[in-house]
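Trainee: 3D, please:
(one chain, ligands or ions: 1)
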Amino acid sequence: MQKIYLLSLGCPKNLVDSEILSALLGQAGFALVASPEEADTLVITTCAFIQPAVEESIEAILELAQLKNKGKRLIVAGCLVERYKEKLPPLLPEVDAWIGFRALPYLPEWLKKDCLPKLALKGPGWKDEDYSLRIPSHPFSAYVKIAEGCSNYCRFCTIPFIRGSLKSRPIKEIVREVERLAEMGIKEVVLVAQETTAYGIDIYGRPALAELLEILDKTGVPWLRLLYTHPKRIFPLISAFKRCQHLTPYLDVPIQHVDDEVLRSMGRGMGEKELREVIWSFKQELPQVRLRTTVMVGFPNETEAAFKKLKDFLAEVAFDHLGVFKYYAEEGTAAYNLGNPIPDEIKEERYQELMEQQFQIVREKHTRYLGQTEPVFIERVEEGYKGVGRTAWQAPEIDGEVYIIEGKAKIGEIVPVKILDSYDYDLIGKINKSS
Ligand code: SF4
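Mentor: Model (predicted):
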């Protein structure tokens, strides 16, 4: 039996692709192994949306390529292939095949027949049956991809060129997948896409995320979580949050910036006034919903005054979670022509300033949680603790966690935890038996 080692880099959307590919390879009779040394074939699904991700992918390829003298095949799949299909193959002859995400469904057959093409980009992408074979990497939490691609074309972003324009999955297919995950005992379903709030525009002629959420709310999954929304489309979600009892009180809404000029140059489709209105309305209507945002510093026309405006806005809204990116001029994007005039040191200073401010915001918020009891989803065990989990307003991998120091709970359970203390971005608590 041929043995395959699969390494998944990058975001949850890539992880879903890797999980589907694992299932298809298993079905085709291949054995998936945990270490590259014992494999006959090495497959790496890559990320390439910004330069650090590209570098990380290339480093991982080179590392695996060192094992090639033992007669292994090396296959690179995912975003790096789509982005650098012309440039990279001649530079990395160690790679036996470059497979784009649309051609991935063919990979098991090509491996079986030993007829791997050097470069393959065309194909149907995943079919619904492929999604239904998938075994999530975590036994109790799973990402569900509701759409592929993005049609927003924000001027700094490579995603629409890598993953193509928006392609939503039909509601009934997503519902079937979530029902199957619920039957498997999954406690948390995290809905992902490049931009989840655009869901449905291509196939239903209107954004249909709120409708989808209301249907998924009836599937019996205890926690439904939403990532990657666009602020210009979050209004319809207010009623969904009010009606869906399983939707976690958490919204990931990357704003990128708040200054009018910067937003216009970024092509975000909304200005400061509209952005302020939508964020404040959301907060007023749904005070229990914790907000996460992502912003970018060092965009070519971000002046000191524009940066100050961003910093003040983040302090004013006091987002519960914040991610800050430094701008990279990415070849092929519209913003690339604007150059990259802001020096790296300034970008780093701005990044640090925002992170320090956020740290104070989080510390202050954490003091308010002390003594409160929150449902916590136990995800893993760690030496010295009774368990480690997340509240409903902490997403996997990107937000803080809750370390349990007293009480008993099993992985996969959602238990009441009294918050006792905090540590940087994490919380410390004990299982509250009296709840
Ligand atoms: S909405 Fe997100 S994925 Fe789509 S183009 Fe803009 S930044 Fe990129």
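
Trainee: only C-alpha atoms for contact and neighbour calcs from this point on.
Mentor: OK.

Trainee: Surely Y250 and V289 touch.
Mentor: Yes - counting by C-alpha atoms under 8 Å, V289 is a contact partner of Y250 at 5.1 Å.

Trainee: more neighbours, these two?
Mentor: Each of Y250 and V289 has its neighbours counted (other C-alpha atoms under 10 Å); Y250 has more, 22 against 18.

Trainee: Touching both of Y250 and V289, which residues are there?
Mentor: W393 (C-alpha atoms under 8 Å, 6 or more residues apart in numbering).

Trainee: so how many other residues sit close to the nearest residue to F49 once chain neighbours are set aside?
Mentor: Counting by C-alpha to C-alpha, 6 or more residues apart in numbering, T158 is the residue found nearest to F49 once chain neighbours are left out, at 5.8 Å. Other residues near T158 number 21, with proximity taken as other C-alpha under 10 Å.

Trainee: now swap in R276 and tell me
Mentor: Close neighbours of R276, defined as other C-alpha under 10 Å, add up to 15.

Trainee: can you tell me how far it sits from G384?
Mentor: 44 Å (C-alpha to C-alpha, to the nearest Å).

Trainee: Contact partners for the closest residue to P341 other than its chain neighbours?
Mentor: Leaving out its chain neighbours, the residue that sits closest to P341 by C-alpha to C-alpha, 6+ apart is P300, at 5.8 Å. Listed by C-alpha under 8 Å, 6+ apart, the contact set of P300 reads L338, G339, N340, P341, I342.

Trainee: For P300, what are phi and psi?
Mentor: phi -50, psi -40 (degrees, to the nearest 10).

Trainee: before we move on, what about E302?
Mentor: According to degrees, to the nearest 10, E302 has phi -80, psi 100.

Trainee: can you count the residues close to the closest residue to it other than its chain neighbours?
Mentor: In space, and not counting its chain neighbours, E302 is closest to V262: 6.1 Å by C-alpha to C-alpha, 6+ apart. Look at V262: counted by other C-alpha under 10 Å, it has 21 neighbours.

Trainee: From the contacts of P300, pick the one nearest A34.
Mentor: N340 (41.4 Å; C-alpha to C-alpha).

Trainee: shouldn't that closest one be in contact with A329?
Mentor: Yes - counting by C-alpha under 8 Å, N340 does reach A329; the two are 6.1 Å apart.

Trainee: Looking at those two, which one has more neighbours?
Mentor: The neighbour count for N340 versus A329, taken as other C-alpha under 10 Å, is higher for A329 (21 against 17).

Trainee: quick one: contacts for the residue lying closest to that one once chain neighbours are set aside?
Mentor: Excluding the flanking residues, the one nearest A329 by C-alpha to C-alpha, 6+ apart is Y336, at 5.2 Å. Counting by C-alpha under 8 Å, 6+ apart, Y336 makes contact with F156, A329, E330.

Trainee: Now for the last one, how many residues are close by?
Mentor: Just to be clear, that refers to E330. So E330, with other C-alpha under 10 Å, has 19 neighbours.

Trainee: Likewise for I411?
Mentor: Residues near I411, counting by other C-alpha under 10 Å, number 15.

Trainee: Ok, D260 next?
Mentor: When neighbours are counted by other C-alpha under 10 Å, D260 registers 16.

Trainee: Could you verify my assumption that it touches G271?
Mentor: Yes - judged on C-alpha under 8 Å, D260 makes contact with G271 at a distance of 5.1 Å.

Trainee: Let me see the contact set for the residue in the stretch 301-435 of the chain that the ligand sits nearest to.
Mentor: Nearest to the ligand, among the residues of the stretch 301-435 of the chain, is T333, at 9.9 Å (C-alpha to the nearest ligand atom). Remark: with contacts taken as C-alpha under 8 Å, 6+ apart, T333 is in contact with R155, F156, C157, T158.

Trainee: Restricted to helices, list these.
Mentor: Judged by DSSP state H, helices contain none of these.

Trainee: closest to the ligand among these?
Mentor: C157 (4.5 Å).

Trainee: Which neighbouring elements make contact with the helix or strand where V190 lies?
Mentor: Using DSSP states H and E, V190 sits in strand 188-192. The contact analysis (3 or more C-alpha pairs under 8 Å, 6 or more residues apart in numbering; DSSP states H and E) places strand 188-192 against strand 141-145, strand 223-226.

Trainee: at 10 Å instead, please
Mentor: Judged by 3 or more C-alpha pairs under 10 Å, 6 or more residues apart in numbering; DSSP states H and E, the packing partners of strand 188-192 are helix 12-27, strand 141-145, strand 147-148, helix 171-183, strand 223-226.

Trainee: Rounded mean pLDDT for it, please.
Mentor: Mean pLDDT, computed over strand 188-192, is 98.

Trainee: Quick check: next helix or strand after that strand?
Mentor: helix 201-204.

Trainee: Pull out the buried positions in that following helix.
Mentor: For helix 201-204, a neighbour-count test (16 or more other C-alpha atoms under 10 Å) marks I201, D202 as buried.
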